[in-house]
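J.: Structure here, sequence nowhere to be found:
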């Protein structure tokens, strides 16, 4: 009787796990991870476990790999979402579904849905958002 119970639990557990996997994939489709290169500098969008965002020499590491989840960009190494605020600061944080973490892809520019500002950087590796100006520092490939 114990064996039958264990067998049922195991089979039930497999069915439940398979159902959750199907639901998980349907609820949050995951695109393949990739890098974002700043056209002007050639540097890659990068971050760290402390939530800092910057650009640096492309190195193929997971901190430079970003996964598209709908309109959010998730750092593969940390699981944090690319985030910003009205002051132009860019950082990563726990994913919360807010518009400051939603990015609209307009050609080669990434526009923060909440502010309408474009993701921007400079030759020193700083990343921030600012008024969209069509310049190469705001273009990402």
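T.: Thanks, I have it. Nothing here was measured: the structure is a model prediction, and the numbers come from that model.
J.: domains for this structure, by residue range?
T.: Structural domains assigned to the chain are 1-29, 31-138, following automatic domain parsing.
J.: nearest residue to residue 40 other than its sequence neighbours?
T.: Residue nearest to residue 40 in three dimensions, not counting chain neighbours: residue 136, with 3.8 Å by Cβ to Cβ, 6 or more residues apart in numbering. (Glycine included, C-beta is placed from N, CA and C.)
J.: Now do the helices in this structure.
T.: Along the chain, counting by DSSP state H, helices occupy 2-27.
J.: Lowest average pLDDT across the domains of the chain?
T.: Mean pLDDT across the domains of the chain is lowest at domain 1-29; the value there is a mean of 37.
J.: Residue 90 contacts residue 118, correct?
T.: No. Contact between residue 90 and residue 118 fails when scored by Cβ atoms under 8 Å: they sit 10.8 Å apart.
J.: circling back: contacts only, for the residue nearest to residue 40.
T.: 38, 39, 40 (Cβ atoms under 8 Å, 6 or more residues apart in numbering).
J.: Just name the closest of these to residue 56, please.
T.: residue 38 (10.3 Å; Cβ to Cβ).
J.: quick one: the closest one from residue 98, how far?
T.: 25 Å (Cβ to Cβ, to the nearest Å).
J.: same thing with residue 135?
T.: With distances taken as Cβ to Cβ, residue 135 is found 27 Å from residue 98.
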